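A.B. asks: quick check, what structure comes out for this input:
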Amino acid sequence: MTSTTSALDRATHARGYAGPLRAGTVPSRGLVEVPIGNGGPMSIYDVRGYKTVHRAALPKSSVMNDVCMAAARLASAFKATYTGKHDRGIYEAHVFNNTKGSSAFPRASALCIGDYKPLYDQVRYTLSPVRETIHNIFYEEFPALCVEYERVADKICQEHPQIIPACYPFTSLCINSGPRGVMTERHIDTQNLAPGLCCVVPYGRFDPSQDSKIFIKELGFYFQVAAGMPIFFPSALYTHYNSKLITDGMRGSIVAWTGAAMFQYVDMGCRTVAQLTGAEYAAHKATLKERVLNRFDMFPRRVA
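C.D. replies: Presented below is the predicted three-dimensional model:
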């Protein structure tokens, strides 16, 4: 969806800046740090007034962090999807992916089915408080977009009962871990939905004022994000990465998202391109621009 002119045009505008909560000045040089401050939630809006990033409040207890760490310990019993040095960095990644990708129909990754399923069910059960918190924040801050994610996830699960998301309404989840810290290279999640969001929840024991800050390059900001503190942003629009762990401790992350191909599959009536008639495929392509723009308009707008 990012290849259409309208999506690129909107993406360009989405990379503008309108300030956290209140209007601010455009950063002229370098990236501006967004501290945790008093621990309250904060949002950043793009130049058109659309909410683009939301960082949740500092957790009042250790529950979110404890649950994420427990899920990471369980995940370590699985064979890692990626380990050592890969295109995102040097760390271990366990991807519990419900995706379509190049396959004809949505499918669950090997870590969600077969001999792994009992452990996957434990991971899902353990993550229940995190899943509930993420879902509640998503709905409170991006209500229309959250309902759209729910609609797509519900339809996918209805058509393919073997798919059971670990972090509904997102259909995919990754647990990143390492001996001490996870540092990701600069990247854009091209398989994610352009007018959509991912959610990142760091976990571990680290100092967020010094360690593992999340950079969102084109937006002009980098964020202090504490353990157990969710942050939502459009990972298919912005180049993002996180800095090193400097102090003693450990930092991993849990990431939730839904691939663009899942939305496309539901948009086509839960059929593949090969199952569409020529006229149906032409109609689908003709309405692509409208669907992309409609989903961008699901981002809340700042009230003047």
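A.B. asks: for the chain, give me the ranges with low pLDDT.
C.D. replies: Across the chain, the ranges flagged by pLDDT under 70 are 1-29, 84-87, 100-103, 304.
A.B. asks: pull the longest helix from it.
C.D. replies: helix 143-159 (DSSP state H).
A.B. asks: contacting residues for the residue nearest to Ser128 when sequence neighbours are not counted?
C.D. replies: Distance criterion CB to CB, 6 or more residues apart in numbering; nearest residue to Ser128, sequence neighbours excluded, is Val67 at 8.0 Å. All C-beta atoms are positioned from the backbone trio N, CA, C, and that covers glycine. By CB atoms under 8 Å, 6 or more residues apart in numbering, the contact set of Val67 is 126-130.
A.B. asks: mind running it again at 7 Å?
C.D. replies: Val67 is in contact with 126-127, 129-130, counting by CB atoms under 7 Å, 6 or more residues apart in numbering.
A.B. asks: for Ala57, same thing?
C.D. replies: Ala57 makes contact with 39-41, according to CB under 7 Å, 6+ apart.
A.B. asks: any idea how far Phe263 is from Cys157?
C.D. replies: Distance of Phe263 to Cys157, given as CB to CB, to the nearest Å: 14 Å.
A.B. asks: tell me which of those two has more neighbours.
C.D. replies: A direct count of neighbours by other CB atoms under 10 Å for Phe263 and Cys157 places Phe263 higher, at 24 against 17.
A.B. asks: and the more buried one, what element?
C.D. replies: Using DSSP states H and E, Phe263 sits in helix 260-267.
A.B. asks: after that helix, heading C-terminal, what element do we hit next?
C.D. replies: helix 278-286.
A.B. asks: list the buried residues of the helix or strand just after that next one.
C.D. replies: On the C-terminal side of helix 278-286, the closest following helix or strand by DSSP H and E is helix 288-296. Under the neighbour-count criterion of 16 or more other CB atoms under 10 Å, helix 288-296 has 288, 291-292, 295-296 buried.
A.B. asks: follow-up on the earlier one: closest to Tyr168 out of the contacts of Ala57?
C.D. replies: For the contacts of Ala57, the residue nearest Tyr168 by CB to CB is Pro41; the value is 21.8 Å.
A.B. asks: show me the contacts for that closest one.
C.D. replies: 54-57.
A.B. asks: follow-up on the earlier one: need the three-state assignment for the residue nearest to Ser128.
C.D. replies: helix (DSSP: H, G, I helix; E, B strand; the rest coil).
A.B. asks: gap between it and Lys51?
C.D. replies: 27 Å.
A.B. asks: likewise Tyr241?
C.D. replies: 22 Å.
A.B. asks: so what does the helix or strand encompassing His94 touch, helix or strand wise?
C.D. replies: Element membership for His94 (DSSP H and E) is strand 92-96. Using 3 or more CB pairs under 7 Å, 6 or more residues apart in numbering; DSSP states H and E, the elements in contact with strand 92-96 are strand 172-177.
A.B. asks: convert the strand it packs on to CSV, retaining C-alpha atoms only.
C.D. replies: Only the C-alpha atoms of strand 172-177 are listed here, as CSV (Å, rounded to 0.1, in the frame of the first residue of the first chain):
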residue,chain,number,x,y,z
SER,A,172,1.6,-10.9,15.2
LEU,A,173,4.0,-10.7,18.1
CYS,A,174,7.8,-10.8,18.5
ILE,A,175,9.8,-11.2,21.7
ASN,A,176,13.3,-9.7,21.3
SER,A,177,16.0,-10.7,23.8
